[in-house]
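Colleague: Sequence first, predicted model second:
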Amino acid sequence: MTDKQFFVAFEGLDGAGKSTVFEALGPLLKNRIKNKLVLVDKKYPPAFSSYTDNHIATIRSILWEYPKGAPMDELGDMHWLYLLAAWFHVIDNTQIKPALVEGHSVIMESWCYKYLVRYRLKADYMYEAMLTAFYSLTRPSPVIYIDVDPKIAAERKTSYGFSESGGMDGLKGSSKSDFIAYQNTLREIYLDLAAQNGWMIIKADHKSIDFIAHEVMESLSDFGI
Ligand SMILES: Nc1ncnc2c1ncn2[C@@H]1O[C@H](COP(=O)(O)OP(=O)(O)O)[C@@H](O)[C@H]1O
Ligand SMILES: Cc1cn([C@H]2C[C@H](O)[C@@H](COP(=O)(O)OP(=O)(O)O)O2)c(=O)[nH]c1=O
């Protein structure tokens with residue numbers, strides 16, 4: 001048992017297995033730590049107040065419940081940047097910061113780096129603007145990067161979304177091969193970020209969820225968790 005306080009978050013490509021490993025890890029971690037553990041799903045955080053819950057439901061519907069085929073690129077990359085920043089700041093303010101102040105530990109199913117990776121492909125000033133907008137967000141440590149070959153992630157999916165296939169970066173088409181090509185580009189950027197920031201990398205190709213979850217638990221011991 002450990003009483004170390006932590007904030008850890010998963011990162012990885014679309015279909016890497018973040019949500020699934022997050023669900024498997026929760027019960028394993030709860031048995032290992034003395035503090036209360038707060039589990040936060042990026043899109044569906046635990047209830048807060050009715051005002052805030054309504055507010056975030058509105059932002060969520062814009063960010064994630066958009067109609068299939070919506071021409072999201074019409075609105076512009078800077079618009080989406082600030083909406084994404086608004087989302088992560090509300091999660092930080094209402095979930096992560098208060099939990100840490102209370103002495104609890106937090107595990108996030110995924111954090112904001114996926115969008116930094118996507119914005120790395122855009123003009124430099126946009127990437128810089130996103131870094132600035134995200135600057136004061138609480139930083140997880142460690143970040144657990146679930147690394148999969150995009151071909152394997154693609155096999156798990158039945159459809160390939162517009163933004164998952166590079167639609168927001170001017171790429172046309174959302175076939176399996178479009179998804180794989182875009183995700184391969186993102187993976188290189190992700191792996192650079194992982195190396196620069198000392199993220200924990202879990203190689204997940206051809207491994208069961210149970211196996212991956214136990215590997216994550218072993219690696220977390222190296223961080224005293
Ligand atoms: N290691 C794995 N082996 C087999 N299937 C997996 C594995 N990891 C995830 N999956 C399946 O792949 C799909 C995508 O996983 P998910 O956790 O939703 O990915 P993410 O949250 O990273 O987008 C789900 O249907 C999940 O059951
Ligand atoms: C401009 C831009 C916006 N976004 C925004 C639009 C979407 O509403 C939002 C969420 O992306 P989406 O791929 O729909 O979901 P997920 O977060 O599960 O991967 O991010 C990008 O993902 N990429 C971009 O290049």
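Modeller: It's in. Residues are numbered from 1 along each chain as shown. Ligands and ions are numbered 1, 2, ... in the order given.

Colleague: in this structure, which segments are predicted with low confidence?
Modeller: By pLDDT under 70, the chain has no low-scoring segment.

Colleague: Would you state the helices of it in chain order?
Modeller: With helices called from DSSP state H, the chain shows them at 18-30, 50-64, 77-91, 97-101, 113-119, 124-134, 150-156, 176-197, 209-221.

Colleague: Among those, show me which one is buried the most.
Modeller: Greatest average neighbour count among these goes to helix 113-119 (a mean of 21), per mean count of other C-beta atoms under 10 Å. In short, each C-beta sits where N, CA and C put it, glycine included.

Colleague: neighbouring contacts of that one?
Modeller: Contacts to helix 113-119, defined as C-beta atoms under 8 Å, 6 or more residues apart in numbering, come from residues 11, 77, 81, 84, 126-127, 130-131, 134, 143, 163, 168-169, 186, 189-190, 193.

Colleague: Get me the contact residues on the protein for ligand 1.
Modeller: Proximity of the chain to ligand 1, by C-beta under 6 Å from any ligand atom, involves residues 12, 14-20, 156, 204, 207-209, 212.

Colleague: Recalculate using a threshold of 8 Å.
Modeller: 10, 12-22, 109-110, 146, 148, 153, 156-157, 204, 206-209, 211-212 (C-beta under 8 Å from any ligand atom).

Colleague: Please list the residues of the protein that sit near ligand 2.
Modeller: 14, 42-43, 62-64, 66, 72-73, 76-77, 79-81, 83-84, 110, 114-115, 118-119, 121-122, 161-164, 168-169.

Colleague: Could you give the residue of this protein that lies closest to ligand 1?
Modeller: Gly17 (2.8 Å; C-beta to the nearest ligand atom).

Colleague: just checking, that residue touches Val148?
Modeller: Yes: counting by C-beta atoms under 8 Å, Gly17 does reach Val148; the two are 6.8 Å apart.
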